[in-house]
Every structure is written in C-alpha cells, then in structure tokens.
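Chemist: Here's my sequence, what's the structure:
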Amino acid sequence: MSSTLKLGILGSGKGSNFRAIADAIAAGTLDAEVRVVASDIEDAGILTLARERGYRAEYIAPGRFKTKLEPEDEARLAAMLRDAGVELVVLAGYMRMIKPPLLDAFPSRIINIHPSLLPAFPGLESWRQAVEAKATRSGCTVHFVDAGMDTGKIIAQAEVPVLPDDTAATLHARIQVEEHRLYPEVLRRIAAGEVT
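Modeler: Next comes the predicted model:
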C-alpha cells in the first residue's frame, strides 16, 4: 500500500460520515485520498457533498433487490473501484449487503461503521432497537465487512450511554457524534499500518 491511503466510499444517505472523513483529509489529520464516492440512491446527499468537494461521484443503479445489488452490478462496482486505484472500501451509511463480487475484489479491505456496540443490535435502526430494548449503553462500531450482516471482525468501538429520557432520535444524534470522531481515527490507524 502506498503512503497515502486511497479510498472508495459507498453511501446511501446524507453523507455525514463521508463529510467527517473528507474534513479530516482537508485538515491534514488523515493521510488519505478519496478516489470515488458511489451511491445506490441517485439523489443521495453523499453524492452532492462529493461533487461539492470536487470528488468523483457515481450513481450505482440498485436493480430489483432492496438489500443487495444485482451480481453483475456489484461486479461492475468492484471493477470501477479497482480501476480508480482504490485500496480500501469505506461503507458510510451504505444500506446494501456486500456480496462476493466486491468481497472477492477487496478481501479484508472493506470496512463499515455501525451505530451500535456490535454484536448487539445488528441490522437497521440499531439506535431504535437499543431504546426499545431499554439498553443502558450503545455506541458505534467500526468493523471489517464479511458476508454476514454486521458480523465482521471489530476494529474499534465508542460507547454512548442510553439516557432514561432518550428517544431513538436523541440517541442516534449522540451516536453520530462518536461516529464522526471514530471513523476518521480508525482510517488514520489503517493508513499508518496499525490495523491489518
């Protein structure tokens, strides 16, 4: 791997974690370069943010499945990332399961951030799951991506208390503050060769 970590970022939403990563790069605290940002949502905020910052932004047609790409579309995505020189694929609110075309193209080189302390509350809206389960703590987890749902090897976690008067929205907002701190920090550690 070269000294500057080359990233491909996938997201389906507003792009707040992408913004935190891009801000760390711009501030010089993260030695990384965003080669491409891609989304399965044509008007996703993450694509707008990427374009505003001058990054390559690509729409990936999602196909007929809600939870994954068509195999041929995922193969095209993998080829696009490889052709862009991406070394690490960063999932930032990407709402589709990663399947073999991408897993095989980037073995142990795909990471995700999940808004819970895995293995607790995998899947969707984990902040809501935590409030409904009356959990006393939650947080976020950065992990390597494997074929399961939020089952890959954990790299780092940050804890957030669940307060007695928390709603799903208030807990989610506090978890996101930690996500925006933790994700760039983990990427710094990967760029420095501290995480393998």
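Chemist: Buried residues in stretch 184-196, which are they?
Modeler: Neighbour counts using 16 or more other CB atoms under 10 Å place 184-188, 190-191 of stretch 184-196 among the buried residues. Quick note: C-beta positions are derived from backbone N, CA and C, even for glycine.
Chemist: could you say what helices and strands the longest helix seen in the chain packs with?
Modeler: Residue-count comparison of every helix in the chain, with assignments taken from DSSP state H, identifies helix 168-191 as the longest. Helix 168-191 sits against strand 5-10, helix 16-27, strand 88-91, strand 110-114, helix 126-132, strand 137-144, strand 154-161, with contacts defined as 3 or more CB pairs under 8 Å, 6 or more residues apart in numbering; DSSP states H and E.
Chemist: try 10 Å
Modeler: Taking 3 or more CB pairs under 10 Å, 6 or more residues apart in numbering; DSSP states H and E as contact, the helices and strands that helix 168-191 lies on are strand 5-10, helix 16-27, strand 32-39, strand 88-91, strand 110-114, helix 126-132, strand 137-144, strand 154-161.
Chemist: send the alpha carbons of that helix over as CSV?
Modeler: Coordinates of the C-alpha atoms in helix 168-191 are reproduced here as CSV (Å, rounded to 0.1, in the frame of the first residue of the first chain):
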residue,chain,number,x,y,z
ALA,A,168,-34.5,6.9,19.1
ALA,A,169,-33.7,10.3,17.6
THR,A,170,-31.8,11.8,20.5
LEU,A,171,-29.7,8.6,21.0
HIS,A,172,-28.9,8.4,17.2
ALA,A,173,-27.7,12.0,17.3
ARG,A,174,-25.3,11.3,20.1
ILE,A,175,-24.1,8.1,18.5
GLN,A,176,-23.4,10.1,15.3
VAL,A,177,-21.1,12.5,17.1
GLU,A,178,-19.0,9.5,18.1
GLU,A,179,-19.1,8.0,14.6
HIS,A,180,-17.8,11.2,13.2
ARG,A,181,-14.8,11.1,15.6
LEU,A,182,-14.2,7.3,15.5
TYR,A,183,-14.3,6.7,11.7
PRO,A,184,-11.5,9.1,10.7
GLU,A,185,-9.4,7.9,13.7
VAL,A,186,-9.7,4.3,12.5
LEU,A,187,-8.8,5.3,9.0
ARG,A,188,-5.7,7.2,10.4
ARG,A,189,-4.7,3.9,12.1
ILE,A,190,-5.2,1.9,8.9
ALA,A,191,-3.2,4.5,6.9
